[in-house]
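> compute the structure for the input listed below.
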Amino acid sequence: MAKTITENTLFYGDNLPILREYIADESIDLIYLDPPFNSNRTYNVLFKQEGGQDSEAQIAAFEDTWHWNQTAELTYHELVTSAPSHVGQMIGALYGFIGPSQMMAYLVMMAARLVELHRVLKSSGSLYLHCDPTASHYLKIVLDTIFVPVNYRNEIIWKRTTAHNDPKRWGNIHDTLLFYSKSDSFTWNPVYTEHSAEYKARFRNVDSDGRRWSDYDLSAKGLSGGGYTYEYKGVTSLWRVPPQRMEQLDAEGRLHFTSKGGIRIKRYLEDTPGITIQDVISDIFPINSQAAERLGYPTQKPLALLERIIQASSNPGDIVLDPFCGCGTTVAAAQKLGRRWVGIDITHLSIALQKYRLKQMFPDVTFKVVGEPTSISGARQLAEEDRFQFQWWALSLIRARPYGGSSSGKTGKKGADKGIDGLISFIDDNTGKVKQVIVQVKSGKVNSRDIRDLVGTLDRESAAIGVFLTLEEPTRDMRTEATT
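As a prediction, this is how the structure comes out:
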């Protein structure tokens, strides 16, 4: 039986078996997931039936593609025969409507994982599923079935970009977040956003201490429920507050005596906490090419977006889970806000980026990684299975940031890396300038020519240091070439 997670943990691997093996029932306070959308495919392709028997393959979380293959077929049968009956009936009905398409593969894979996520969520917990309009309506049916419709809380719209010129349709500029709780008794903390400039402009008056205020009516005339009739400092009216409260407001300097002999109440700008968060988010912008937090990961979400969700639906010390954790925005936000966290991803690229990011943002952070090689034999096995996964894992051992293949977002498609697999930045103690360490990783046979190639890359890039990271023992000629 799975045990409750007691320390911050990154898991490498498929999140479905990891959830079943490692995450205990009702042990998680908040779940955020940002699974692949299929958004890089047209709507018609998603519904095109796929014939033939594809070989079973892992699905990379950042690869943004799903197929109706042997894995999808097996998962579908498992849901129909072993999941709660209402879930099996729902997925069977969707299959009858959609057929064996990429969209159906996506929904089957998501349903299996959402069943497990519902299991591990505490009764006071909440789940946010980040998706796009291509599949959000189907995912809402799946979520309604698993979480029951009464626990649906919000469809949140995030305006992720300013404008799109999409041919023959309205510009597609938003993502959808589906917010569900596990029960009617769930964690909720009021979160406020800043008032608009128009609202702030109403506070035109300024006290001697610099506090800005606007004045509001104290009369109760026309209000249901009546008020209090009395005279205060020569003004008789039907007031909203009793005499004792009026005297208190006066003593606090909260009354404004108008030039026409009226009395109004001061409302200070600093006393208004802001606007409670709404289901349309337009004040958090996407990661652009100039953003300081940008890691080059294709589906990276802004830290501010995750901070808002975590603040609203969890408390310090709670456990936050992201089963498709990508470059680690959720775990970074959780760490920043004093929550414990669990992240799962199926690529070593993701785990490498998260280790780099966490150590950079929080130098003293401690966490455990489960699923990485822990021996030379494990490293060789990983290299044989996927040399790019090996490369990303190896880079993480020396806290080098993946370069080149990381931006393509496709497993096994490294792209033009210019002879650079990873980078380490540092500040030169003598000059104070930022300089680069170039890292090359090799998992196969190596010789002295590899060292000469690295030297050429160093010269071309004007880098300060070169690191050659190899699974095989370096030859004598390689050592000689490096020394030379």
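
> now the strands for the stretch 1-150 of the chain?
Under the criterion DSSP state E, counting those that start in this stretch, the stretch 1-150 of the chain carries strands at the ranges 9-12, 28-33, 121-131.

> all helices of the stretch 251-400 of the chain, in order?
Applying DSSP state H, counting those that start in this stretch to the stretch 251-400 of the chain gives helices spanning 303-313, 329-336, 348-361, 376-385, 387-397.

> hey, which of those is tucked in deepest?
helix 329-336 (a mean of 25; mean count of other CB atoms under 10 Å). To be clear about C-beta, it is placed using only N, CA and C from the backbone, and glycine gets the same treatment.

> off-centre distance for that helix?
Distance of helix 329-336 from the chain centroid (CA atoms, centre = their mean, to the nearest Å) equals 8 Å.

> list the helices and strands it packs on?
helix 303-313, strand 319-322, strand 340-345, helix 348-361 (3 or more CB pairs under 8 Å, 6 or more residues apart in numbering; DSSP states H and E).

> just want the angle from the longest one to strand 340-345.
Relative orientation of helix 348-361 versus strand 340-345 (axes from the mean of the first three to the mean of the last three CA atoms, to 10 degrees): 150 degrees.

> now do helix 348-361: which elements does it pack against?
strand 9-12, helix 329-336, strand 340-345, helix 387-397, strand 401-402, helix 405-408.

> now the strands of the stretch 1-150 of the chain in a markdown table, with mean neighbour count and mean pLDDT?
Formatted as a markdown table, the strands of the stretch 1-150 of the chain follow (neighbours: other CB atoms under 10 Å; pLDDT from 0 to 100):
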| stretch | mean neighbour count | mean pLDDT |
| --- | --- | --- |
| strand 9-12 | 23 | 96 |
| strand 28-33 | 26 | 98 |
| strand 121-131 | 22 | 97 |
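
> so which of those strands gets nearest Thr480?
Comparing the strands of the stretch 1-150 of the chain against Thr480 with CB to CB, the closest turns out to be strand 9-12 (37.1 Å).

> pairing partners for the closest one, with directions?
strand 340-345 (parallel), strand 368-370 (parallel) (DSSP bridges).

> go through those and pick out the most buried.
Of the strands paired with strand 9-12, the one with the most neighbours on average (mean count of other CB under 10 Å) is strand 340-345, at a mean of 27.

> now that strand: mean pLDDT?
Taken as a whole, strand 340-345 has an average pLDDT of 96.

> from the middle of its chain, how far away would it be?
Worked out by CA atoms, centre = their mean, strand 340-345 lies 11 Å from the chain centre.

> helix 303-313 and that strand, what's the angle between them?
Using the same axes, to 10 degrees, the inter-axis angle of strand 340-345 relative to helix 303-313 is 130 degrees.

> turn the helices of the stretch 251-400 of the chain into a markdown table, columns for mean pLDDT and distance to Thr258.
A markdown table is the format used below for the helices of the stretch 251-400 of the chain (pLDDT from 0 to 100; distance: least, CB to CB, whole Å):
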| stretch | mean pLDDT | distance to Thr258 |
| --- | --- | --- |
| helix 303-313 | 97 | 40 |
| helix 329-336 | 97 | 47 |
| helix 348-361 | 88 | 53 |
| helix 376-385 | 91 | 77 |
| helix 387-397 | 90 | 67 |
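
> wait, which of the ones you listed is closest to Arg267?
So among the helices of the stretch 251-400 of the chain, helix 303-313 is nearest, using CB to CB, at 25.7 Å.

> before we move on, back to that, which of the strands of the stretch 1-150 of the chain sits closest to Arg113?
Of all the strands of the stretch 1-150 of the chain, it is strand 28-33 that lies closest to Arg113, at 8.0 Å by CB to CB.

> report the angle between that closest one and helix 303-313.
Angle, strand 28-33 to helix 303-313, by the same axes, to 10 degrees: 150 degrees.

> give me the contact list for strand 28-33.
The contact list for strand 28-33, computed with CB atoms under 8 Å, 6 or more residues apart in numbering, reads 113, 117, 120-122, 124-130, 187, 306, 309-310, 313-315, 318-324, 330, 339, 342.

> returning to that earlier point: mind putting the helices and strands packed on helix 348-361 into TSV with distance to Ile420?
Shown next, in TSV, are the helices and strands packed on helix 348-361 (distance: least, CB to CB, whole Å):
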stretch	distance to Ile420
strand 9-12	24
helix 329-336	25
strand 340-345	23
helix 387-397	11
strand 401-402	10
helix 405-408	10
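
> point out where the stretch 51-200 of the chain drops to low pLDDT.
The model of the stretch 51-200 of the chain has pLDDT under 70 over residues 51-65.

> longest helix of this structure?
Scanning the chain for the helix with the most residues, using DSSP state H, yields helix 102-120.

> buried sites along it?
102-120 (16 or more other CB atoms under 10 Å).

> same check, this time on stretch 275-283
For stretch 275-283, the neighbour count (16+ other CB under 10 Å) marks 277, 281 as buried.

> now do that stretch: distance to the chain's middle.
For stretch 275-283, the separation from the chain centroid amounts to 17 Å (computed by CA atoms, centre = their mean).
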